[in-house]
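Colleague: Below are the sequence and a predicted model for it; my questions follow.
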Amino acid sequence: MSKAIDIPKSLENEIDLTAAQARSITHSALGETAEQDLRQKLLRLMKEQDAILVSHYYVDEDLQDLAEESGGKVADSLEMARYAYEHEASTIIVAGVKFMAETSKILSPNKRVLLLDKEAECSLDIGCPIDEFSAFCDEHPDRTVVVYANTSAEVKARADWVVTSSIALEICTYLRDRGEKIIWGPDRFLGSYIQKETGADMIMWQGSCIVHEEFKAEALLEMKKQHPDAAVLVHPESPMSVVDLADVVGSTSKILNATRELPNKKFIVATEDGIFHKMKEYSPDKEFIAAPTAGSGATCKSCAQCPWMKMNDLQRLEHVLETGDNEISIEESVRTKAERSLKRMVDFANTHIRPGMKVSGDA
């Protein structure tokens, strides 16, 4: 059984992206010498401050490269947090969005965690305000609360389970087999996909990712006709009509791995276009095509860019290192509850799937 709720009052009007889009305009292009000088400065500052840089696949490619050059990590959000937790560095710098930095702070409370831009949000996080979500949960006290990793620390603390897209199917199947009913939040498309695959009794919070919800099935079908030899890779935060056209449905990591493992030389990719940097690095002999986000007559056929992810750049990293701005803090009572929900997922992976499994795969 699948149910839905009304859009939260705070989202009755469409999320205003004007400020985010304005702030996501990246720095003017640096000359080659100036960029190299800046990179060397950043490497020096990170070393002096005992800092590790963890970067999401969706941010500027310069930051992805710098993270790996400096001994950091490019990964999904939970893997970013796990890597930073295990690293000996005392400062974690997050090139991503707010919930990612909060996840690092949840798992590494004794480390300093810095975010490149304090306004870098996520539509799933914004669309699931804690007061409204908690009130909804209170209306259904008999249900187990399962939330996606793309949520605030407060929402994670309210949940019984935090999951990523790589393990959500297994956990929801486990809960179904135990006879548990589920409240799922916040992404309705990912929730619908899980409900369809598992048959679990789920009530959906009506959130969505502003990037993935824009992929268009009709335009994708036409693109498939133009490229019949291409494999279609889709993140399950996309509408079900798009998911139904996929050859591979899965987390960011699963999509990335598919480009290396499948024999195809061409791929149509339905996720944020920052992922192309790693895809091209791993498979320079393959072709990657952005799935369409617009229909007939649109000026931009494939515009899969998160304005908040694009707020991250080398200049903002320089500012944070020089000023210490944008440090993340979480009330300890909230942090411990959120940590409990996160660790429940990790414990499940270690006991029900395979020992020592690294759980990743959120947006």
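Modeller: Cool, got the structure.

Colleague: In contact with the closest residue to A258 other than its chain neighbours, which residues?
Modeller: Counting by C-beta to C-beta, 6 or more residues apart in numbering, A258 lies nearest to V248, which is 4.6 Å off, once chain neighbours are set aside. C-betas here are computed from N, CA, C, even on glycine. Residues in contact with V248 (C-beta atoms under 8 Å, 6 or more residues apart in numbering) are 231-234, 254-255, 258, 262.

Colleague: The residues you listed into TSV, with extra columns for pLDDT and secondary structure?
Modeller: Compiled in TSV, the contacts of V248 are given as follows (pLDDT from 0 to 100; DSSP: H, G, I helix; E, B strand; the rest coil):
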residue	pLDDT	secondary structure
A231	98	strand
V232	98	strand
L233	98	strand
V234	97	strand
K254	93	helix
I255	95	helix
A258	97	helix
L262	97	coil
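
Colleague: Please compute how far the one helix or strand K343 maps to lies from its chain's middle.
Modeller: Here K343 sits within helix 332-348, counting by DSSP states H and E. The chain centroid and the centroid of helix 332-348 are separated by 18 Å under C-alpha atoms, centre = their mean, to the nearest Å.

Colleague: Next: stretch 249-266.
Modeller: Worked out by C-alpha atoms, centre = their mean, stretch 249-266 lies 17 Å from the chain centre.

Colleague: Assign a three-state SS to A81, would you?
Modeller: helix (DSSP: H, G, I helix; E, B strand; the rest coil).

Colleague: if I pick it, what's in contact with it?
Modeller: Neighbours of A81 in contact, by C-beta under 8 Å, 6+ apart: 54, 100, 103-104, 106-108.

Colleague: what bits of this protein have low per-residue confidence?
Modeller: Along the chain, the parts satisfying pLDDT under 70 run over 1-30, 295-302, 353-363.

Colleague: where do the strands sit along the chain?
Modeller: Assigned by DSSP state E, the strands in the chain fall at 2-4, 51-56, 73-75, 91-95, 112-115, 144-148, 161-163, 182-185, 202-204, 231-234, 248-249, 266-270, 287-290.

Colleague: Partner strands of the third one and their direction?
Modeller: Based on DSSP bridges, the strands next to strand 73-75 in the sheet, each with its direction, are strand 51-56 (parallel).

Colleague: List buried residues within the contacts of A81.
Modeller: 54, 100, 103-104, 106-108 (16 or more other C-beta atoms under 10 Å).

Colleague: any idea what sits nearest E61, other than its immediate chain neighbours?
Modeller: H277 (4.2 Å).

Colleague: Tell me, how many residues neighbour the one you found?
Modeller: Using other C-beta atoms under 10 Å, the number of residues around H277 comes to 18.

Colleague: go on, the one 4 residues further on?
Modeller: The local packing count at E281 equals 13, with neighbours defined by other C-beta under 10 Å.

Colleague: Please tell me how far it sits from H227.
Modeller: Remark: distance between E281 and H227 (C-beta to C-beta, to the nearest Å) = 22 Å.

Colleague: so I167 touches N350, yeah?
Modeller: No. Using C-beta atoms under 8 Å as the test, I167 is too far from N350 to be in contact (11.2 Å).

Colleague: Which one of these two is surrounded by more residues?
Modeller: Taking other C-beta under 10 Å, I167 and N350 do not tie; I167 has more neighbours (24 against 13).

Colleague: Hmm, M345 and V163 touching each other?
Modeller: Yes. If you go by C-beta under 8 Å, V163 and M345 touch, sitting 5.6 Å apart.

Colleague: ok, these two, which is more surrounded?
Modeller: Of the pair V163 and M345, V163 is the one with more neighbours under other C-beta under 10 Å, namely 28 against 21.

Colleague: Return the residues in contact with the more buried one.
Modeller: Counting by C-beta under 8 Å, 6+ apart, V163 makes contact with 146-149, 171-172, 345.

Colleague: Just the closest of these to D60, please.
Modeller: Ranked by distance to D60 (C-beta to C-beta), the contacts of V163 are led by A149 at 21.9 Å.

Colleague: so how many other residues sit close to that closest one?
Modeller: Neighbours of A149 (other C-beta under 10 Å): 25.

Colleague: before we move on, what about I130?
Modeller: For I130, the count of nearby residues is 16 (other C-beta under 10 Å).

Colleague: which outside residues touch the helix holding K343?
Modeller: Here helix 332-348 has contacts from 78, 103, 105-107, 109, 147, 153-154, 156-164, 167, 170-171, 174, 330, 359, using C-beta under 8 Å, 6+ apart.

Colleague: if we go to 7 Å?
Modeller: With contact meaning C-beta atoms under 7 Å, 6 or more residues apart in numbering, helix 332-348 is reached by 106-107, 109, 153-154, 156-157, 159-163, 167, 171, 359.

Colleague: quick one: which of those residues has the most company?
Modeller: Neighbour max across these (other C-beta under 10 Å) = V162, 30 neighbours.
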